[in-house]
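Chemist: Sharing a model that was predicted from the sequence below.
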2 protein chains.
Amino acid sequence: MATIGDVARAAGVSRSTVSYALSGKRSISEDTRLRIQESIAQLGFTPHAGARALATAQTRIIGLFVQFLEAEFPPAMLQYVLPISDAAREHGYDVLMVTDPDGPAALQRISQSGMVDGLLLLNVAHHDVRLPALRAARQPSSMVGFPGEAPGSDAFDLDFEASARLIVDHLHGLGHRSIVSVSPQRQMIERGGAYVWRFRDAALERAGELGMRIRPYYGETQQPAIRELWHEILDQRADATALVVHNDAMVAALPSALTAHGLAAPDDLSVVGMFSAEFGREFSLPFTSAETAPDTLGRRAVEILVRRMAGEEGLPDPAVRFIEPALVDRGSTGAPAA
Amino acid sequence: MATIGDVARAAGVSRSTVSYALSGKRSISEDTRLRIQESIAQLGFTPHAGARALATAQTRIIGLFVQFLEAEFPPAMLQYVLPISDAAREHGYDVLMVTDPDGPAALQRISQSGMVDGLLLLNVAHHDVRLPALRAARQPSSMVGFPGEAPGSDAFDLDFEASARLIVDHLHGLGHRSIVSVSPQRQMIERGGAYVWRFRDAALERAGELGMRIRPYYGETQQPAIRELWHEILDQRADATALVVHNDAMVAALPSALTAHGLAAPDDLSVVGMFSAEFGREFSLPFTSAETAPDTLGRRAVEILVRRMAGEEGLPDPAVRFIEPALVDRGSTGAPAA
DNA sequence: CTGAAAGCGCTTACAG
DNA sequence: CTGAAAGCGCTTACAG
C-alpha cells in the first residue's frame, strides 16, 4: 500500500506537507496542494488507521456495547443499533459493535487498548454490571437506559412514568374505569430493567388517583406461553374494558390472540401499546401506542458523545435525560364497550 | 495509560522481553515471567491497539458490511449479525459494523486504511455494487449471499433451488395438486436478490415436472398493502389447497390474515414458509418451514474468513457454497382440504 | 534466556 | 509557505 512517503515523493514535497494538506491545519500553496491531490488519487493513498491512531491518540471509532439479555425480544434491538450506526457515520465515526456476553471484560479490554474514542452502552440496567468498568474508562461515554447510580456519563431514556400517565389518562378520558396492564417479563426486574417498574408503578399510581381499577400482569417470553397467557387474560378480563401492553413479545402476538377470541379493538376492547412506529409497522400492529422512540434515544446518545469526544467546552454535566413520550393514535381505543 | 515501557521498568527487564512474554514467541524464565505478569496486573496494562496494528499490520478486527435495502424486512438482518459477532469474538476478533448507505466507498475506505484484517459482506446481491471494491481490497473476504460473478472470495448461501424442491415435493407427497406461492417483493429482483428467482424458478419447474399447478404472487412490503394482498390471495385461491410463502414480511402477517378469514392450517389450507426457527419463534409462526439457517451461514462465513486471515495453507479455492435446506415440521401441512 | 535498536506510518512542534 | 526530525507504543530480527 502507498504510504504518505510515497505521496510526498511523487508530489516532490515533504511528508509533513502532505500531512498538512490532508488535515488542512496549515495553509498550502495552491500549486502544491494540487500536485499532492493528484499523487494521492494516482496512488490510491489512504492514511494507515493504526499509524494515525498512534500519532494522534484518536481512532474515530465509537465502541457500541450491546447486551442481549435473555428473555428480551431481539427484533427490538436493531431499532437502536441502526440509527446509532448511521448517526455515528454522519459525524465521521465508525462503530465497533461488541456483543461479548462478558460485558465488563469486553468494555475494559476495548477501552484500555485505545481502540475507540468513546463508549456507547445500550440497554443499560439499574445496577448494570458494566458500570464499574465504564467509570474506570478514560474515554467519554454515553448510554441508552436508566442506570441506578450517578453515572458520570450521559444517559438517555424514555420517560416511562410520563408514558404510563399519558396512557392511563387517555383511557380515563375515554371513560374506562377498569383496565388490564401487561408488563415486561418478570425476570427483567431482577435484571435491573428500571423501565419495568417505572412504567408499572406510575400506571398503578395514576390509576389509583383517578379511581380506576387496574389489573397487572407480567408477560411471557416464548410461545406457546405467550398465547396461553393471552387466552387467560382475555378470558378472565371480567369488567375490564381496556388493555395496556408494555411488552414487545406480548403485543406482537396480540393481533392473533384477539382474532382467536373473536375480539376487535376498539369495538370490544380498547388497546394501547408501548412500542415504536417502526416496530408497529414490522409487526403489523393496529394499536394506538406510546412511541418509544429508539432512534431518538440512540441518536441523542451519539450526538452528546461526539461533542464530548471533540472536547467541546461548556457542555452540561453528565446526567440522565428523559425523552418525552407521545401518543400515536392508530384508532384502537374508544369508549368502553357496553 | 501504562505503556510496555512502564511494565518493563517495573519488572526490571527490557521492553522486548515484556513483548515476548505477552506473545509467548520465545521462552522466558519462570522468574521474570512472574515479575512481568505482576507488573502488568499492577499497572493495568493493555497494549495499545494502534501501536500494535502499526507494528504487525494486523488489527484483529473484521469489517462487517451490512446493506439495508429498502423493502427488506429489518428484523431478519439481526439474525445474521449476532451469530457473526459471536463467532468472530470466539476466534479472537472484534467486529467493525458498517452500515454506510454508500457501500462501495465505505468498503474502500475501511479496507485501504487497514482498519480491518478481513471483510465480511452481508446480503450480497447478484451484481452487488460492492464487488469491484471488494476485488480491489487486499484483505481476505467472505460473504453471505449469492454474487453473480466469480467472487475471488468465499460466499455462503442457502440452496434455494433445493429448498423450493423440498417444499414442493413435500406438498405433492401429501396430495396437493394446486398451490399458491408468494415470493419476496418484486423490487428485490431488480436489486439483484438472486434468492428470489432461484427459489421461484425452481418451484415452478418442479411443480411442472410433478404436474402441479402453481399460482405465483410477489409479496408486499408495508401495511396495509400486505393485509390487502393476503385478502386477495385468500379470497381468490380457488382450488389451491396449499400456500408456499417465501417472504418474511408476508409470512409474519399471515396468522392474522388466516384468522380474519376464519381459516386454520392445515385443516382449511396447508402452509409452508421459508424462515429461520428464531424468526418463527419471534413472530409466533405456527407454520412448517424450510429453515433458512442464518446463524449457520454467518458462522461459516466467519470461520473460513478467520482461516484465510490466519494465512492457513491448503484451503480450498474461494467459491460459492450452498447450505442444504431442512424442512422443520410445525404441523401446518396435511392432506388437501376437501 | 535476555537486551539494544530499527522500523511500522503517521502528526506536529520547531525552524527557517 | 515548507522541511527535517522527534515521537506515538508496539514487534521482531539481530546479537550475545
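Modeler: Nice, I can see it.

Chemist: Report the residue ranges of every domain in chain A.
Modeler: A:4-47, A:61-158+A:295-323, A:160-292 (automatic domain parsing).

Chemist: Same list (those domains) but as TSV, adding mean pLDDT and distance to B:I189.
Modeler: C-beta here means a position set from N, CA and C on the backbone, and glycine is covered the same way. What follows is the domains of chain A, written out as TSV (pLDDT from 0 to 100; distance: least, C-beta to C-beta, whole Å):
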stretch	mean pLDDT	distance to B:I189
domain A:4-47	94	34
domain A:61-158+A:295-323	92	25
domain A:160-292	92	22
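
Chemist: out of those domains, nearest to DNA strand C?
Modeler: DNA strand C lies closest to domain A:4-47 among the domains of chain A, at 3.0 Å (C-beta to the nearest atom of the strand).

Chemist: tell me how far the ends of the closest one are from each other?
Modeler: 7 Å (C-alpha to C-alpha, to the nearest Å).

Chemist: Just give me how far it sits from the chain centre.
Modeler: With C-alpha atoms, centre = their mean, to the nearest Å as the basis, domain A:4-47 stands 41 Å off its chain's centre.

Chemist: what does stretch A:75-91 give?
Modeler: 8 Å.

Chemist: and it, is it in reach of chain B?
Modeler: Yes. Counting by C-beta under 8 Å from any C-beta of the partner chain, chain B has neighbours in stretch A:75-91: A:P75, A:M77, A:L78, A:Q79, A:V81, A:L82, A:S85, A:D86, A:R89.

Chemist: The fifth one against A:T99, yeah?
Modeler: No. A:V81 is beyond contact range of A:T99, at 10.1 Å (criterion: C-beta atoms under 8 Å).

Chemist: where do the contact lists of these two overlap?
Modeler: Between them, A:V81 and A:T99 share these contacting residues under C-beta atoms under 8 Å, 6 or more residues apart in numbering or on different chains: A:V66.

Chemist: In contact with the residue of the stretch 101-250 of chain A found nearest DNA strand D, which residues?
Modeler: Taking C-beta to the nearest atom of the strand as the measure, the stretch 101-250 of chain A has A:G114 as its residue closest to DNA strand D, at 7.9 Å. By C-beta under 8 Å, 6+ apart, the contact set of A:G114 is A:A53, A:A57, A:T59, B:M1, B:H48, B:A49, B:G50.

Chemist: Need the three-state assignment for it.
Modeler: Per DSSP: H, G, I helix; E, B strand; the rest coil, the local secondary structure of A:G114 is coil.

Chemist: The residue nearest the centre of chain A and A:L158: what is the separation?
Modeler: Closest to where the C-alpha atoms of chain A average out (C-alpha atoms, centre = their mean) is A:Y80, at 4.0 Å. Here the criterion is C-beta to C-beta, to the nearest Å. By it, A:Y80 lies 12 Å from A:L158.

Chemist: Am I right that A:S181 sits in a strand?
Modeler: Yes. With three-state DSSP as the criterion, A:S181 is located in a strand.

Chemist: How many residues are close by it?
Modeler: Neighbour count of A:S181, defined by other C-beta atoms under 10 Å in any protein chain shown: 26.

Chemist: same deal with A:S14?
Modeler: Neighbours of A:S14 (other C-beta under 10 Å): 13.

Chemist: how far out from the middle of the chain is the host helix or strand of A:G273?
Modeler: Element membership for A:G273, per DSSP states H and E: strand A:270-274. Between the centre of strand A:270-274 and the centre of its host chain there is 21 Å, according to C-alpha atoms, centre = their mean.

Chemist: Just give the nearest non-adjacent residue to A:D235, would you?
Modeler: Of all residues not flanking A:D235 in the chain, A:H261 sits nearest, at 7.9 Å (C-beta to C-beta, 6 or more residues apart in numbering or on different chains).

Chemist: all strands of the stretch 51-200 of chain A, in order?
Modeler: A:61-65, A:94-98, A:118-124, A:141-145, A:154-158, A:178-185 (DSSP state E, counting those that start in this stretch).

Chemist: Who are the packing partners of the last one?
Modeler: Put plainly, it is strand A:178-185. In this structure, strand A:178-185 makes packing contacts with helix A:194-209, strand A:213-219, strand A:242-245, helix A:248-252, judged by 3 or more C-beta pairs under 8 Å, 6 or more residues apart in numbering or on different chains; DSSP states H and E.

Chemist: ok, back up a step: could the strands of the stretch 51-200 of chain A be laid out in TSV, adding distance to B:M188?
Modeler: Shown next, in TSV, are these (distance: least, C-beta to C-beta, whole Å):
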stretch	distance to B:M188
strand A:61-65	29
strand A:94-98	26
strand A:118-124	30
strand A:141-145	32
strand A:154-158	34
strand A:178-185	35
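
Chemist: Could you dump those into CSV and include distance to DNA strand D?
Modeler: As requested, the strands of the stretch 51-200 of chain A are arranged in CSV below (distance: least, C-beta to the nearest atom of the strand, whole Å):
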stretch, distance to DNA strand D
strand A:61-65, 17
strand A:94-98, 19
strand A:118-124, 19
strand A:141-145, 21
strand A:154-158, 27
strand A:178-185, 43
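
Chemist: What are the neighbouring residues in contact with the residue of the stretch 201-338 of chain A found nearest chain B?
Modeler: Among all residues of the stretch 201-338 of chain A, A:T259 sits closest to chain B, at 3.8 Å; criterion: C-beta to the nearest C-beta. Contact analysis of A:T259 by C-beta under 8 Å, 6+ apart lists B:S256, B:T259, B:A260.

Chemist: Tally up the residues packed near the residue lying closest to A:V168 once chain neighbours are set aside, please.
Modeler: Of all residues not flanking A:V168 in the chain, A:R206 sits nearest, at 4.4 Å (C-beta to C-beta, 6+ apart). When neighbours are counted by other C-beta under 10 Å, A:R206 registers 19.

Chemist: ok, now which ones touch A:R206?
Modeler: A:R206 touches A:A164, A:R165, A:V168, A:D169, counting by C-beta under 8 Å, 6+ apart.

Chemist: Show me just the buried residues among those residues.
Modeler: The neighbour count (16 or more other C-beta atoms under 10 Å in any protein chain shown) marks A:A164, A:R165, A:V168 as buried among those.
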